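Colleague: need the 3D shape of this:
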Amino acid sequence: MVLMQEEAVRATSNIPVHTWWRSLPRKLRRAIFVSGVAAALALAGTGVWLYSHRTQWPDPQLVTAAQAASYPIYYPTSLPAGFIYNEGSAKYSANVFIYTFTFDGNKKLFVSTIPKPDGVQFSDFYNRILSNKTEVLSNQGTAVMGNAGGQTIGSLVTDKSWITMNTSASINSDTLKALLSSLKKLPS
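Modeller: Numbering: from 1, shown residues only. Model prediction:
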């Protein structure tokens, strides 16, 4: 019995593919072909959709708005999973530049930049205002994060700007650290 099965396997393994394909019922061949074409079209369509919906970061509108500021504006170079820049959120006046992100569905993170105020002792400010302070190393300097008035706040002072990130929603501290540590100056 085993010998007959081995002979059957050997005999069918030598059948050319076109003969095997032709041995299938015509309706089955057509169904397999149509399914293959549909799968290929679905993959191509998904690729086109993903390409057309990719986000450019930093957003060109944010870059354009930042060019109007007389002081450097910063943005996080890499966005954590689930963070979406709110297009059109960039607002600028002579003394403040603000834009927002949405995360975890409908939570908002506000990023604001002002010209660095003269004469402010930021370490005193952090000690008076922030609880649960943590320092975060960044390419732009040492940032500080903590809590104040029910909000999570991240702050970075550069030679010309003061950048803050805040939200009243709960945010993972590692996520805020990643955002602060990746801050980079927008082209002016």
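
Colleague: only C-alpha atoms from now on, for both contacts and neighbour counts.
Modeller: OK.

Colleague: just want the most central residue of this structure.
Modeller: Leu79 (3.6 Å; CA atoms, centre = their mean).

Colleague: ok, and the nearest residue to it once chain neighbours are set aside, which helix or strand is that part of?
Modeller: Take Leu79 and drop its neighbours on the chain: the residue closest to it by CA to CA, 6 or more residues apart in numbering is Leu179, 7.0 Å away. Element membership of Leu179, judged by DSSP states H and E, is helix 173-181.

Colleague: pull out the buried residues from that helix.
Modeller: Residues Leu176, Lys177, Ala178, Leu179, Leu180, Ser181 are the ones in helix 173-181 that count as buried (16 or more other CA atoms under 10 Å).

Colleague: dump those residues into JSON lines; add distance to Ile163 as well.
Modeller: What follows is the buried residues of helix 173-181, written out as JSON lines (distance: CA to CA, whole Å):
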{"residue": "Leu176", "distance to Ile163": "13"}
{"residue": "Lys177", "distance to Ile163": "14"}
{"residue": "Ala178", "distance to Ile163": "15"}
{"residue": "Leu179", "distance to Ile163": "12"}
{"residue": "Leu180", "distance to Ile163": "9"}
{"residue": "Ser181", "distance to Ile163": "12"}
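
Colleague: sorry, back to before: and the residue nearest to Leu79, what is it in contact with?
Modeller: By CA atoms under 8 Å, 6 or more residues apart in numbering, the contact list for Leu179 reads Pro76, Thr77, Ser78, Leu79, Pro80.

Colleague: likewise for Leu186?
Modeller: Under the criterion of CA under 8 Å, 6+ apart, the neighbours of Leu186 are Val63, Ala66, Pro72, Ile73, Tyr74, Tyr75.

Colleague: relative to Ala40, how far out is it?
Modeller: Distance of Leu186 to Ala40, given as CA to CA, to the nearest Å: 41 Å.

Colleague: about what we covered before: now go through the contacts of Leu186 and say which are in strands.
Modeller: When DSSP state E defines the strands, the subset of the contacts of Leu186 inside them is Tyr74, Tyr75.

Colleague: just name the closest of the contacts of Leu186 to Glu87, please.
Modeller: For those, the residue nearest Glu87 by CA to CA is Val63; the value is 11.6 Å.

Colleague: how about Lys116, phi and psi?
Modeller: Dihedral angles of Lys116 (phi, psi; degrees, to the nearest 10) stand at phi -60, psi 120.

Colleague: residues contacting it?
Modeller: Residues counted as contacts of Lys116 (CA under 8 Å, 6+ apart) are Val157, Thr158, Asp159, Lys160, Ser161, Trp162.

Colleague: which one of the residues you listed is nearest Phe110?
Modeller: Closest approach between the contacts of Lys116 and Phe110, by CA to CA: Trp162, at 13.6 Å.
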